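Visitor: Output the structure for:
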Amino acid sequence: MAQQRYDLRKEQDGTWTVFDVFTGLPADAPDGPAFGLEMEDADDLLDILNGLDRKGRGERDQH
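Guide: Numbering: from 1, shown residues only. From the prediction side, this is the model:
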C-alpha cells in the first residue's frame, strides 16, 4: 500500500490542519487551505482528499 498523501496535525490553538505529507503545507481544499478546522471536519476532509489522491493514481479504495 502506498503512503497516504495527506495527514492531520493538531495546532497549538486546538484546531486541526490537513497537510500534504510531502510538502508539510496545508492541503488545498475547495474552501481554501485546510487549517483551523474542528477535528471531525478535518478527519472527514482527510478521508476525502486521500481517496481522491488514490483515485488519481489509479489505486483501489481500501474501504
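Visitor: correct me, but N50 touches Q3?
Guide: No. Using CB atoms under 8 Å, N50 makes no contact with Q3, being 10.1 Å away. Glycine gets a C-beta too; all of them are placed from N, C-alpha and C.
Visitor: between the two, who's got more neighbours?
Guide: Neighbours per residue, other CB atoms under 10 Å: of N50 and Q3, the larger number sits with N50, 18 against 7.
Visitor: Spell out the residue ranges of the helices in this structure.
Guide: 39-56 (DSSP state H).
Visitor: Next, please give the residue ranges for the strands of it.
Guide: Applying DSSP state E to the chain gives strands spanning 6-10, 16-20, 28-29, 32-33.
Visitor: Let's have these in CSV, adding mean neighbour count.
Guide: Shown next, in CSV, are these (neighbours: other CB atoms under 10 Å):
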stretch, mean neighbour count
strand 6-10, 15
strand 16-20, 21
strand 28-29, 13
strand 32-33, 11
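Visitor: Any stretches of the chain with poor pLDDT?
Guide: Scanning the chain for pLDDT under 70 picks out the ranges 1-2, 59-63.
Visitor: Mind checking which residue lies nearest the centre of it?
Guide: In the chain, the residue lying closest to the centroid (CA atoms, centre = their mean) is L46, at 3.4 Å.
Visitor: Now that residue: closest residue in space that isn't a chain neighbour?
Guide: Spatially, and ignoring its direct neighbours in sequence, L46 is nearest to V18 (5.1 Å; CB to CB, 6 or more residues apart in numbering).
Visitor: ok, that neighbour touching I48?
Guide: No. Using CB under 8 Å, V18 is not in contact with I48; the gap is 9.3 Å.
Visitor: count of neighbours near F35?
Guide: For F35, the count of nearby residues is 17 (other CB under 10 Å).
Visitor: swap in V21?
Guide: The number of residues packed near V21 is 12, by other CB under 10 Å.
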